[in-house]
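Undergrad: Give me the fold of what follows.
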Amino acid sequence: MTVRPRTDADIGACLDLVRLVHATDGYPHHLPADLCAFLVSRGACAAWVAEHEGRVTGHVALHRRSSEPVMALASAALRQHA
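TA: Below is the predicted model of the structure:
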């Protein structure tokens, strides 16, 4: 498996992954109308994809800030102050 910076060419595969994850485990809880804007956030510092045998199998983006509920959940899970 390779982790590399996400490119514009990866967006379609990433959108497919978002739909698959939503159908499988319900994340995100409310699927946004503009799925591309959800995935390609202007607030992201960077974004990467995981790739296996030439196929995008995962995606992660790093943001400087997040919503209060997300920060509270992460803080509790990591036992760290937000």
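Undergrad: which helices and strands does the helix ranked longest in the chain pack with?
TA: Across the chain, the longest stretch assigned as helix under DSSP state H is helix 11-25. Where contact means 3 or more CB pairs under 8 Å, 6 or more residues apart in numbering; DSSP states H and E, helix 11-25 is packed against helix 35-39, strand 55-63. Every residue, glycine included, has its C-beta placed from N, CA and C.
Undergrad: which residues are in contact with whichever strand or helix holds residue 49?
TA: Following DSSP states H and E, one finds residue 49 within strand 44-52. Contacts with strand 44-52, where a contact means CB atoms under 8 Å, 6 or more residues apart in numbering, come from 1-6, 10, 13-14, 40, 56-64.
Undergrad: Mind listing what's buried along the lowest-mean-pLDDT helix or strand in the chain?
TA: The weakest-scoring helix or strand in the chain, judged by mean pLDDT, DSSP states H and E, is helix 68-78 (a mean of 84). When burial is assessed from 16 or more other CB atoms under 10 Å, helix 68-78 yields no buried residues.
Undergrad: re the thing from before, and the strand holding residue 49 with strand 55-63, angle?
TA: Strand 44-52 runs at 160 degrees relative to strand 55-63, counting by axes from the mean of the first three to the mean of the last three CA atoms, to 10 degrees.
Undergrad: Within the sheet, what are the partner strands of strand 44-52, with directions?
TA: Applying DSSP bridges to the sheet, strand 44-52 is found paired with strand 2-5 (antiparallel), strand 55-63 (antiparallel).
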